[in-house]
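Student: mind folding the following:
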Amino acid sequence: MGKWADGTGTLALPDGAAVPLEVAASYRARRRGLLGRDGITGALLITPTNSVHTFGMRFAIDVAYLDRSLRVLSVVTMRPGRLGMIRPRGRHVLEAEAGAMAGWGLRPGVRVSVQVTEGPSRAG
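Tutor: Next up is the predicted model:
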């Protein structure tokens, strides 16, 4: 397994559905995240990280904390101006607009995979 890099791709869900994905792996991309945006189509994978915040965000988000094998540890909805808890076993975080992850069936124990289409990265 190689090193993650910034890029785009697809988040593959257990039911076979595919969600557009952005990957934020560099310090700069992780730091920016979804700041300054009014929404997102699909999801943002931030790696590596085990916590996030929503200070400066314009909209509420769903946050899924993932372990090294891309298994969901927990899913929470965060309003703007909040600091998320640190997840000790967390290695990656998925962010999407609030309510999206319930529609995708993401819950603790579910494993997702990533197919990157732009930028060198690794599949999970």
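Student: could you use CA atoms for every contact and neighbour count after this?
Tutor: Noted.
Student: for the residue nearest to P88 when sequence neighbours are not counted, grab the count of nearby residues.
Tutor: Nearest residue to P88 in three dimensions, chain neighbours excluded: N50, at 6.8 Å (CA to CA, 6 or more residues apart in numbering). Using other CA atoms under 10 Å, N50 has 19 neighbouring residues.
Student: can you show me the strands along this protein?
Tutor: Here the chain has its strands, by DSSP state E, at 7-12, 18-24, 43-46, 61-66, 72-78, 92-97, 113-118.
Student: report the contact partners of the residue nearest the centre of the chain.
Tutor: Centre of the chain computed as the mean C-alpha position; nearest residue by CA atoms, centre = their mean is L94, 1.3 Å away. By CA atoms under 8 Å, 6 or more residues apart in numbering, the residues touching L94 are A43, L44, L45, I46, V63, A64, Y65, L66.
Student: for it, list each beta-bridge partner.
Tutor: Beta-bridge pairing of L94 under DSSP bridges involves L45, A64.
Student: how much space separates the closest residue to R79 other than its chain neighbours from P108?
Tutor: Computed as CA to CA, 6+ apart, the closest residue to R79 that is not its neighbour in sequence is A60, at 4.3 Å. According to CA to CA, to the nearest Å, A60 and P108 sit 20 Å apart.
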